[in-house]
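> Dropping a prediction and its sequence here:
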Amino acid sequence: MSEVVHTPRVFSGIQPSGGLTLGNYLGAIKRFVEMQENGIETVYCMVDLHAITVWQDPAALRRQTRELAAGYIAAGLDPHKSILFNQSQVAEHAQLGWIFNCVARMGWMNRMTQFKDKAGKDREKVSVGLFSYPTLMAADILLYHATHVPVGEDQKQHIELTRDIAAKFNHDYGVDFFPMTEPVIEGAGTRVMSLRDGSKKMSKSDPSDASRINMTDDADAIAKKIRKAKSDADALPSEAAGLKDRPEARNLVNIYAGLADMSVEQVLADVGGRQFSEFKPMLAEMAVSKLSPISGEMARLMQAPDEIDAVLRAGADRARAIAAPILEKTYEIVGMVR
């Protein structure tokens, strides 16, 4: 059996959970925007079918899906260079998901640690969808014969499952149809922490709005939150090792580095020895210059939902053009009469 060479293609699914923060921007959106310039086809999907594995208010789900799309577009994602759409507009995701439900083994699914974490003690009461969503995630990826998926460490297990499903399908049907998708594991990168507690991740669910920078914050709000961000009394070090055991200092330097496209070492070479009274205004200016144009464009787009919806419909048409032939061939391989 000759080896099939698959066209390089990046796929990423993002859940529209609402409340985009600086952490989402530096941790994912900024990198995805940069990835579209690498000459590889990029497919970005807002996975609204995954979102409903726990109950969602319908109006809120629609708003959050549009807000996520607005965030990507405002941050520089070009819908002509990348494919941007919401999952439910391409029915092939659910159709391939069912095929993969019949390929995946219960033992594999029972080992998924994220289900155990999300279900907690009430696993008998959660939806079947929450248990089986890793097979839908595999379908999301393999429906486009994606060769690469950028993921965090917490999602690595799901990519391994995707590879297991692809390998079993190929083996069971004697084909070399689905690729062995490679995870693109995020490096240390910018893990943005709370502005009020450097040991906690920046989160939309934190009760204190001062703990995070929202992507919808205007220039004044951004500057105010950085001025009030928790720091310490010592001067900034000249080397990264000096940030050890200084979580708030490390967080603010990381944020500056992420926004400025610099390494932590480069930042400290510039600001080492300075007090936070001098560094915070520098960080505020950097954050406002990078983020306020994005928040302004997001606000404009959220006032024009028809514009967002048109982008998502066009993206869904382009996604379907890739997905439909792959699903059709899958049905043929499995033995469905067409």
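Looks like it arrived, so ask away.
> So residue 240 is in contact with residue 264, correct?
Yes. Using Cβ atoms under 8 Å, residue 240 is in contact with residue 264, at 4.9 Å. All C-beta atoms are positioned from the backbone trio N, CA, C, and that covers glycine.
> The two: which has the busier surroundings?
Shown here are residue 240 and residue 264; by other Cβ atoms under 10 Å, residue 264 has more neighbours (18 against 15).
> so who does that one touch?
Contacts were defined as Cβ atoms under 8 Å, 6 or more residues apart in numbering; by that measure residue 264 touches 240, 243, 253, 254, 257.
> which of those count as buried?
243, 253, 254, 257 (16 or more other Cβ atoms under 10 Å).
> Okay, and the second one sits in which element?
Assigned by DSSP states H and E, residue 253 belongs to helix 247-260.
> Now that helix: average pLDDT?
The predicted model assigns helix 247-260 a mean pLDDT of 94.
> Could you check how many residues crowd around the nearest residue to residue 163 once chain neighbours are set aside?
In space, and not counting its chain neighbours, residue 163 is closest to residue 180: 5.4 Å by Cβ to Cβ, 6 or more residues apart in numbering. Neighbourhood size, residue 180 [other Cβ under 10 Å]: 11.
> and what of residue 135?
Residue neighbour count, defined by other Cβ under 10 Å, stands at 24 for residue 135.
> What of residue 270?
Neighbour count of residue 270, defined by other Cβ under 10 Å: 14.
> Now do it against residue 192, distance only.
Distance from residue 270 to residue 192, counting by Cβ to Cβ, to the nearest Å: 20 Å.
> next one: residue 213
Separation of residue 213 from residue 192 (Cβ to Cβ): 8 Å.
> ok, now residue 269?
Remark: distance between residue 269 and residue 192 (Cβ to Cβ) = 22 Å.
> quick one, which of the two is more surrounded?
A direct count of neighbours by other Cβ under 10 Å for residue 269 and residue 192 places residue 192 higher, at 22 against 12.
> circling back to that earlier point, could you look up the next helix or strand downstream of the helix holding residue 253?
Downstream of helix 247-260, the first helix or strand assigned by DSSP H and E is helix 264-271.
> what about that next one, distance to the chain center?
How far helix 264-271 lies from its chain's middle: 28 Å, per Cα atoms, centre = their mean, to the nearest Å.
> Stretch 230-242 now?
30 Å.
> Next, the buried residues of it.
For stretch 230-242, the neighbour count (16+ other Cβ under 10 Å) marks 230, 231, 235, 236, 237, 242 as buried.
> Quick one: the helices in the stretch 51-200 of the chain, in order.
Applying DSSP state H, counting those that start in this stretch to the stretch 51-200 of the chain gives helices spanning 58-74, 92-101, 106-110, 113-119, 128-142, 156-173.
> now these in TSV, with distance to residue 335 and mean pLDDT?
Output for these, formatted as TSV (distance: least, Cβ to Cβ, whole Å; pLDDT from 0 to 100):
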stretch	distance to residue 335	mean pLDDT
helix 58-74	36	96
helix 92-101	11	97
helix 106-110	23	86
helix 113-119	31	67
helix 128-142	18	91
helix 156-173	9	93
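> among the ones you listed, which is the most enclosed?
For these, the largest average neighbour count (mean count of other Cβ atoms under 10 Å) is found in helix 128-142, namely a mean of 22.
> quick one: contacts of that one?
Contacts of helix 128-142 from elsewhere in the structure, counted by Cβ under 8 Å, 6+ apart, are 11, 13, 45, 47, 49-50, 52-54, 87, 93-94, 96-97, 99-101, 103-104, 109, 112, 114-115, 118-119, 149, 158-159, 161-162, 165-166, 178-179, 181, 326.
> hmm, back to that, most widely separated two among the contacts of residue 264?
The largest distance within the contacts of residue 264, taken as Cβ to Cβ, falls between 243 and 257 and amounts to 11.1 Å.
> hmm, back to that, so which of the buried ones among the contacts of residue 264 is the closest to residue 5?
For the buried ones among the contacts of residue 264, the nearest to residue 5 is residue 257 (37.8 Å; Cβ to Cβ).
> And that closest one, how far from residue 100?
40 Å.
> Check residue 316 too.
Computed as Cβ to Cβ, the residue 316 to residue 100 distance reads 21 Å.
> Likewise for residue 64?
Residue 64 is 26 Å from residue 100, by Cβ to Cβ.
> on that earlier part again, so which of the helices of the stretch 51-200 of the chain comes closest to residue 247?
Of all those, helix 113-119 comes closest under Cβ to Cβ, at 23.8 Å.
> ok, residue 208 - how many residues close by?
10.
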